[in-house]
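1. Curious how this folds, go ahead:
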Amino acid sequence: MKKHLVTLGLMILCLSACTGGRMLIYNFSDIKDYKRFPSRDLIPAAEPFHFVKSNGQGFQQRDIRVTHNNRHEHLDSLLMMSNTVAFLVIQHDTLHYERYFHKYHEKSLVASFSAAKSFTSALVGIAVAEGAIKSVNDLMIDYLPEMKGKEMDDVRIRHLLQMTSGIHHEENYYNPFAGVAKLYYGRNLHRQITRLTKEYRTGMYFKYKSINTQLLGEIVVRATGKSLTAYMNEKLWSLIGMEYPATWSIDQKKNGMEKAFSSINATAIDFAKFGRLYLKKGNWDGKQVIPASWVEESTMIDAQAGATWYYQYQWWLPTKEGDYMANGHLGQYIYVNPSKDLVIVRLGKNEGKVRWGRAFVEIASQL
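-> Sure, this is the predicted structure:
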């Protein structure tokens, strides 16, 4: 019996030492993954910001409906059937709708997955404004000199922001050998970066790859001399009234690197405040946290130099009408619609077979 236990223990150790093994042990990605990885703390504000809360009656009287499976489902019904854990609707700085499901509540942390990419983009914009990064037209190798001579010499920060770098990296969370799974489960992100190769010519076309964002994170760290969490705490998180303790997952406990492409773990209401910051063009109650010009560049349509109209500076554009959203694996969303003065946050265990981008547009049209 003891031999079997020893053998089992050795097998678990071996599995946990490799990316594929950890993927099998963790049973694929989950919105509670923040409990499995080491992290750094994102500190709430000394004086949290609170949205005005409506009584909800006005919103309910509108009988908001969303098209799903060729039916016009009532919003409440759609949320209950779609593995949603949190859903917020904020308009004119008033929280009109706030619901939680599956034992989640207002203090529950949820892993952002790729919605974190929009936060990393914001940090790049702040670093540019401060002069730590000279320009988005700077070459990547100016900040990451170890990448010289690896077909990367023509990659600029703008290419990373627009996902047009041409860097080879497979985007598949469910394949333990894919690049993004290695980033997510790996324990040495920098070593993975130094092994990159090119797939196609830089600036040729858009291809969504999380490695671009991880490289942006590395650039911010080199340019500022601070970890991403420290820089976020100082320049953004503490300035916009975040209410609850949050974290940013890192690859290893000792001198770890943040998963810049993923893994900010926070509450729905605090994710909504990031949406409000962009809605207000980077200005938080009189303080310009992110340059207004950066917010504009990040959310306007620009399909030049291989870029695509529906993805700008790590934000998705569901329509050509000025709205945009941060979007993460398994259905994590921060949707912003300036013309409606609207922020919607949806967090979930999975997408629930709902086309959320379209759903947000439909909800906005009824407000």
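2. Excluding chain neighbours, what is closest to residue 72?
-> residue 65 (4.4 Å; Cβ to Cβ, 6 or more residues apart in numbering). Yep, even glycine has a C-beta here, placed from its N, CA and C like the rest.
3. and the one you found, what does it touch?
-> 72, 73, 74, 75, 362, 366 (Cβ atoms under 8 Å, 6 or more residues apart in numbering).
4. What about these, which are in strands?
-> Among the contacts of residue 65, the members falling in strands (DSSP state E) are 72, 73, 74.
5. Most neighbours of all the contacts of residue 65, which one?
-> Within the contacts of residue 65, most neighbours by other Cβ atoms under 10 Å means residue 75, with 22 neighbours.
6. That one touches residue 363, doesn't it?
-> Yes: look at residue 75 against residue 363 with Cβ atoms under 8 Å: they come within range, at 7.0 Å.
7. joint contacts of those two?
-> Contacts common to residue 75 and residue 363, judged by Cβ under 8 Å, 6+ apart, are 64, 66.
8. All the helices of the stretch 151-300 of the chain, in order from the start?
-> Ranges of helices in the stretch 151-300 of the chain, per DSSP state H, counting those that start in this stretch, are 157-162, 179-185, 189-193, 210-224, 228-235, 268-279, 292-299.
9. Out of those, which gets nearest to residue 254?
-> Nearest to residue 254 among those is helix 189-193 (13.0 Å), distances taken as Cβ to Cβ.
10. what helices or strands is the closest one leaning on?
-> Helices and strands touching helix 189-193, by 3 or more Cβ pairs under 8 Å, 6 or more residues apart in numbering; DSSP states H and E, are helix 179-185, helix 210-224.
11. is it true that residue 101 touches residue 79?
-> Yes: using Cβ under 8 Å, residue 101 makes contact with residue 79 at a distance of 6.6 Å.
12. Neighbour count: the two, which is higher?
-> residue 79 (23 against 17).
13. follow-up on the earlier one: so can I have JSON lines of the helices of the stretch 151-300 of the chain showing mean pLDDT, mean neighbour count and distance to residue 140?
-> Listed next are those as JSON lines, based on pLDDT from 0 to 100; neighbours: other Cβ atoms under 10 Å; distance: least, Cβ to Cβ, whole Å:
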{"stretch": "helix 157-162", "mean pLDDT": "98", "mean neighbour count": "25", "distance to residue 140": "7"}
{"stretch": "helix 179-185", "mean pLDDT": "84", "mean neighbour count": "24", "distance to residue 140": "17"}
{"stretch": "helix 189-193", "mean pLDDT": "87", "mean neighbour count": "17", "distance to residue 140": "10"}
{"stretch": "helix 210-224", "mean pLDDT": "97", "mean neighbour count": "24", "distance to residue 140": "6"}
{"stretch": "helix 228-235", "mean pLDDT": "98", "mean neighbour count": "20", "distance to residue 140": "17"}
{"stretch": "helix 268-279", "mean pLDDT": "98", "mean neighbour count": "24", "distance to residue 140": "25"}
{"stretch": "helix 292-299", "mean pLDDT": "97", "mean neighbour count": "18", "distance to residue 140": "18"}
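14. With respect to residue 352, which of those helices lies nearest?
-> helix 268-279 (15.9 Å).
15. and that closest one, what other elements does it pack with?
-> Using 3+ Cβ pairs under 8 Å, 6+ apart: helix 268-279 touches strand 84-91, strand 94-100, helix 116-130, helix 292-299, strand 324-328, strand 332-337, strand 342-348.
16. what's the angle between it and helix 116-130?
-> Here the directions of helix 268-279 and helix 116-130 differ by 40 degrees (axes from the mean of the first three to the mean of the last three Cα atoms, to 10 degrees).
17. Kindly calculate the angle that helix 268-279 makes with helix 292-299.
-> Using the same axes, to 10 degrees, helix 268-279 lies at 110 degrees relative to helix 292-299.
18. and the angle for helix 268-279 with strand 324-328?
-> Using the same axes, to 10 degrees: helix 268-279 against strand 324-328 is 140 degrees.
19. Helix 268-279: how far from the chain's middle?
-> In terms of Cα atoms, centre = their mean, to the nearest Å, the centre of helix 268-279 is found 12 Å from the chain centre.
20. Just the CA atoms of it, as CSV, please.
-> Extracted as CSV, the C-alpha positions of helix 268-279 are listed here (Å, rounded to 0.1, in the frame of the first residue of the first chain):
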residue,chain,number,x,y,z
ALA,A,268,-17.9,42.6,-11.0
ILE,A,269,-18.4,46.0,-9.5
ASP,A,270,-14.7,46.8,-9.6
PHE,A,271,-14.4,45.6,-13.2
ALA,A,272,-17.3,48.0,-13.9
LYS,A,273,-15.2,50.9,-12.6
PHE,A,274,-12.5,50.2,-15.2
GLY,A,275,-15.3,50.5,-17.8
ARG,A,276,-16.4,53.8,-16.3
LEU,A,277,-12.8,55.1,-16.5
TYR,A,278,-12.8,54.5,-20.3
LEU,A,279,-16.4,55.8,-20.6
